Structure formats: structure tokens, C-alpha cells
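K.L.:
what follows is a protein structure lacking sequence information:
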């Protein structure tokens, strides 16, 4: 083994060690919150992570000094090459380039539009059509009250700071993290043991700091604006939603929606009626969402306008089985459960979904079913299954109302990127909208046989409440009548303990005494019940999926001389153009055949282009390979004698001779997955490729 190969292996080992130690730090932080480990253990793990990062940096520099070319190893160079190709071939470009662009916005060009359409149409086919979902389309502009109910108005924030001179904005926690890491890694002026301990302790909880604590830390570590070194302002909360006004008077506040889900929730009652009052059912929506990111970066991975595809699967909270679960039970995607994240090895493992549900790793069949279906969808659009995992949220990462959450993550040069979130959100969303709107958001379940159940009964002393609260008495009485069982039992416990309880009605809170109401549980015979459905939510980021797909499909291969030619190995399903048609040379008889073949392909629903430029066949192949066209058809003079043309496959570059009349059907079958290239190559005679056909 050469010294360069040894250094390359050392870099790969160091990268793996950094990733593993990062997972260790994350799991220890979770244990620290639960009081299972001491702060000193977390500090030691963070220190070790810093040391491993320094070791990786040293090995990388040694490799470069030894003459190693980082083009194949360097993530930055790969990203740069990919970005250059995507922009040059107009997959997507920064928006408003004529006026200097605006960060976080992108325009899709012809191939990008086609791929996005193919990815979303594949999603619609895979989920909406195959699962008989109810598809909706709702406005992007959303009244404030809707997002007040969902919690976005009050809690959808990040802390931000400003450059006091230029006004440029930055994420406060990101600046503090960078400053702490630089402080700990300073070799010229290394911190004392006590100072390093304090910095590591702060670094471990940066994401959870309150406004005042965060501001004090920024001052203590002398954090300044990274671009200008100017002073920064105190941190302040910044709501990530785009605010607007509705109507000519501007007196109704609205926002551009930060997610598509709320449109489905507010239509639940009508969707339930449309579905005949039956549960379970799923509703889906594909549309744009908007988040005013403080520091958009990483291309399509963090933008201010993006396309989501979301599903809200409404279920009986007491029955989260799925009738089609057996179809995915034997699938074994890479699962990175809490147990594996907290364990020693810290690696995801392939686990059958049936086993995962049986062992309690995944909370229920419906959630596991959508994990399986998501795994299959990602493979359909060209994501490498060996570079995809489902990571379960650690306990402290989940919202208080969630039962179980998993992120579908794809490995890229940016690390593991979340492309889909799959969550059991319990009944939180419908309950929140029911309280805010004062509308019933329940479903009815009829029992096979009548049941005797203990029902909570709240009886208000209207006379005493009227005397005490006067004009508010009616609202208090209505609130008591609609009180959920859990809230009623909490009030009962408070009354028994102290003789009083509180009731919140809108923005007001009232104190009630024991003489104002009675709360009892009485056996009642019921033929059915009303309940608030739970929700299983798979939420997909289309742009993120596309970027991961671009990375997984991108590679280079040799061309003429030392020229490296770029190729996108898109699956035929998502490729922007399914076939190109090349007349071998510019002759009327060949051009006429090419135009007729193109028309036949279009009639078969296959996007195609005819290339009649004067370039050689090899250069025309290279140009279409670079935008991921899977099949190329060359019309040469043999078509005059036997009505056959050559069909070339992009990745193998092999060619076969196919009768002209059969070409549309053959390509259609290949694109639909009804046939494989190996089957086509076995059926039709091979064409021996001349060297200059690919290299010219």
C-alpha cells in the first residue's frame, strides 16, 4: 500500500471516529437531561470530539502535503463541481440574478422543472393514488388566528443578532457555537482547565439557552459579526414566518404558511364528511411553504420558499393498526433507534419493520407502514438505500404531545440531511384548532354492542357563577360543558385538594370554588362515542429530496484524452428527458425519420428532444448524459434499408438495434420499470460501438 493510500484510509477512519463521537455527545446530552450522567462526563465527551476534529484536520493537511488530490475525497470540491454543473445546465439558479440575487430563493430551469414535476408526480402516484388519499389544495396566505392556534405565532422563532453598523443579521446560537469551538481549539492561547470546562458546559446546551443567558455568553466570549468584526446587538427572538396583511384596509393580519399541514387540519370536518364519517383516512397536500430563514445556505437544503408534500393520516387513538402493514412488515430499512443512538456502537441497523413494531421500537403499525412506504419511494426516485436511514428522535427532541417521531435522513457531503419527518402527533392539532375555533373536531365511533362506561359529568351552579362573574358567566358555563375529560379530572383533584380551581376561557383565567360546580364520574350506557382523532404525519421536503438525488446521481467518467465528463444517473422515472433522437448526419431523409420518431415518442407520453446540431455523436451523447437523459436513439442510414435504429443506454453506454416501430414501446416499458435494460439487451442485437462514437 502506498503512503497516499495509507493517508486516505487514515482520513476515512478519522471521519468515522468524528461521526461516532458526535453521536456519543448527543446521547450523553439526552442522559444529562434525565439526570443519568454527570456534567463532567458530557464535558469529557465534547473535549474528545474537539480532539478528533483536530486529528482529522491534521490528517487531511498531511494528505494534501503528500500530493494527494482531494478532488475525489473533498466534499467541498464535489459540491462545487455539482453546483457548477447544475447552474451551467440550468437545473436551478439563484433567483433575481440580474439584480444581484436574494439568498434563499432559486429559479428552476427546464431540466430542474421537469425533474421536480417528475418527483412530485411520483410522490402523488406512490402515496395519494396508491393509498386512496384525499388530496387538497389550500391558500399560502393564512389568517393569523389559524397559526395562533397551531402555536406558530408564539413559538416559531430563532434568536437573532445584528451587526450594529451594517445591520446584517445572524443566528445567535450559530455565532456562539463557532466562538466556543474556536476558544477551545486555540493553540496559541489555550484556555485554562477551568475556562475550558465552563466553555464545554456552555457548548453542550447552546440550543437551549434563554435570551438573557445567550446575550451574556455572547458578550463574555467577545462574539462579533463574522464578516466585518463589528459589534453585534443583543439577541432577540425572530419569528420565521413572512407577515402580510389581508384586504385593502390592511387590518387583518396574515402570514405566508410555514407548512402545508394546517390547511388540512382546518378542513378536517369537511374531509371527514366527504369520507362518509369513516376513519381512518388520509389527506395530502403538495404546495409551497415559506420560512424567513435568518441565514439560508447549502443550496436547496435551507431556503426561504420550498415545496412540501405532507400527509395527515387520521386514526382512532386506541387503534393505530394498519390494514396493509403486512405489505411492508418484511422490509428492513436502516433504523437508528434511541437504543442504538444511546448504545456503544452508535450505528443504524437494518431491522424488519414487523420486528420493530413487535419489539416496541416503532410505536405503532401505521407509523411503521409509512416508514416502509417512504423507504420504497426514495428508492424509486434514485436515493441509494445504503445511504438512507430513519433516525428516531431522542426523548428530549420530541414535542410534549408527540408519541413517536422519526426522521428520514439521507447521507450527503453535508452529512445526514433530514428529508422527511414522520411523527405520531397524537390529537394535538385537532384539539388546538377545536379550542381556538370553538368548533367540534371529533369523529364518531359506533360500538358493535352497547357499553357501560364511566363518564365524567360536570354540573355548573349557574346561579352562583352568575352572581360571581356576571357578564362572563355564560362563557364560563359553555367552557365547563365542553371541558375535556382530562381537564375535568384535573379540576376535580384541585377542588378536593384546596377547595378551588382555575378555568381558562380565551385569554382570561377565572377561579372557581367547590360550591360553583360538581364533577363526578357516572356509569353510562353508550352505543358509541365521540373522540378526537390522532394524527400520523409524514412530511416531505421536495427540494431536499432533489438535492440528495442530485448528489447520489452525480459522477464523472473519462472522455476524449484526459477530459472528465459529468453524468447524472437519474432513474428513468425522474429523468427530465426520457430520450434524445440523433440523426447521424444532417440529411433530409434522416431528419424526417427523426422528427416522426420524436412525434411517436411524444404520443407515448415520453419527453424527448431531437438534436440536429453538427456535433459528433459522441459529443451529443456527452451533452445529454450531463442532464441525465437515460436513452439515446441514433438514426443512421441503415434505417433506410431495414427500418431499425440504435438505442443506447446512458450508464453502460451499450447499444442495441431496435425496429423503428418498436422503439416507443421499448422506451415506455423501460421508463415505467416494466422492463430492464438487461432484458432489452438480451432481446435485440447488440451494436459494436466504435471508439470515436463516445470519445469524439
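P.N.:
Yes, it's here. These numbers were taken from a predicted model, which means no experiment stands behind them.

K.L.:
low-confidence ranges, the stretch 401-550 of the chain, go.
P.N.:
Low-confidence segments of the stretch 401-550 of the chain, defined by pLDDT under 70, are absent.

K.L.:
where do the strands sit along it?
P.N.:
Secondary structure of the stretch 401-550 of the chain (DSSP state E, counting those that start in this stretch): strands at 404-412, 415-424, 443-460, 500-505, 508-513, 517-531, 534-541.

K.L.:
could those go into CSV alongside distance to residue 437?
P.N.:
The C-beta positions use only the backbone N, C-alpha and C, and glycine is treated the same way. Listed next are the strands of the stretch 401-550 of the chain as CSV, based on distance: least, CB to CB, whole Å:
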stretch, distance to residue 437
strand 404-412, 26
strand 415-424, 23
strand 443-460, 16
strand 500-505, 15
strand 508-513, 18
strand 517-531, 16
strand 534-541, 17
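
K.L.:
can I get these in CSV with distance to residue 640 and mean neighbour count?
P.N.:
Shown next, in CSV, are these (distance: least, CB to CB, whole Å; neighbours: other CB atoms under 10 Å):
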stretch, distance to residue 640, mean neighbour count
strand 404-412, 49, 22
strand 415-424, 50, 20
strand 443-460, 68, 13
strand 500-505, 85, 15
strand 508-513, 88, 14
strand 517-531, 73, 13
strand 534-541, 50, 24
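
K.L.:
quick check: phi and psi on residue 190?
P.N.:
Main-chain dihedrals, residue 190, degrees, to the nearest 10: phi -60, psi 140.

K.L.:
residue contacts, it?
P.N.:
Counting by CB atoms under 8 Å, 6 or more residues apart in numbering, residue 190 touches residue 196.

K.L.:
and residue 426, how far from residue 108?
P.N.:
37 Å (CB to CB, to the nearest Å).

K.L.:
of all the strands of the stretch 401-550 of the chain, which one comes closest to residue 359?
P.N.:
The closest of these to residue 359 is strand 404-412. By CB to CB, the value is 13.3 Å.

K.L.:
now do that closest one and strand 534-541, the angle between them.
P.N.:
10 degrees (axes from the mean of the first three to the mean of the last three CA atoms, to 10 degrees).

K.L.:
so how far is strand 404-412 from its chain's centroid?
P.N.:
Chain-centre distance of strand 404-412: 8 Å, with CA atoms, centre = their mean, to the nearest Å.

K.L.:
strands paired with that strand, and their directions?
P.N.:
Its sheet considered, strand 404-412 pairs with strand 388-392 (antiparallel), strand 415-424 (antiparallel) by DSSP bridges.

K.L.:
helix/strand/coil for residue 101?
P.N.:
coil (DSSP: H, G, I helix; E, B strand; the rest coil).

K.L.:
report the contact partners of it.
P.N.:
With the criterion set at CB under 8 Å, 6+ apart, residue 101 makes contact with 94-95.

K.L.:
what about the nearest residue to residue 572 once chain neighbours are set aside, how many residues close to it?
P.N.:
Distance criterion CB to CB, 6 or more residues apart in numbering; nearest residue to residue 572, sequence neighbours excluded, is residue 671 at 4.3 Å. Neighbourhood size, residue 671 [other CB atoms under 10 Å]: 21.

K.L.:
got it, and residue 625?
P.N.:
So residue 625, with other CB under 10 Å, has 24 neighbours.

K.L.:
re earlier: among the strands paired with strand 404-412, which is nearest residue 470?
P.N.:
Per CB to CB, nearest to residue 470 of the strands paired with strand 404-412: strand 415-424, 43.9 Å.

K.L.:
need the residues that contact that closest one.
P.N.:
301, 320, 363-364, 366-367, 370-371, 374, 378, 389-391, 402-411, 534-541, 544-545, 547-548.

K.L.:
if you set the cut-off to 6 Å instead, what comes out?
P.N.:
Strand 415-424 is contacted from outside by 363, 367, 370-371, 374, 402-410, 536-541, 544-545, using CB atoms under 6 Å, 6 or more residues apart in numbering.
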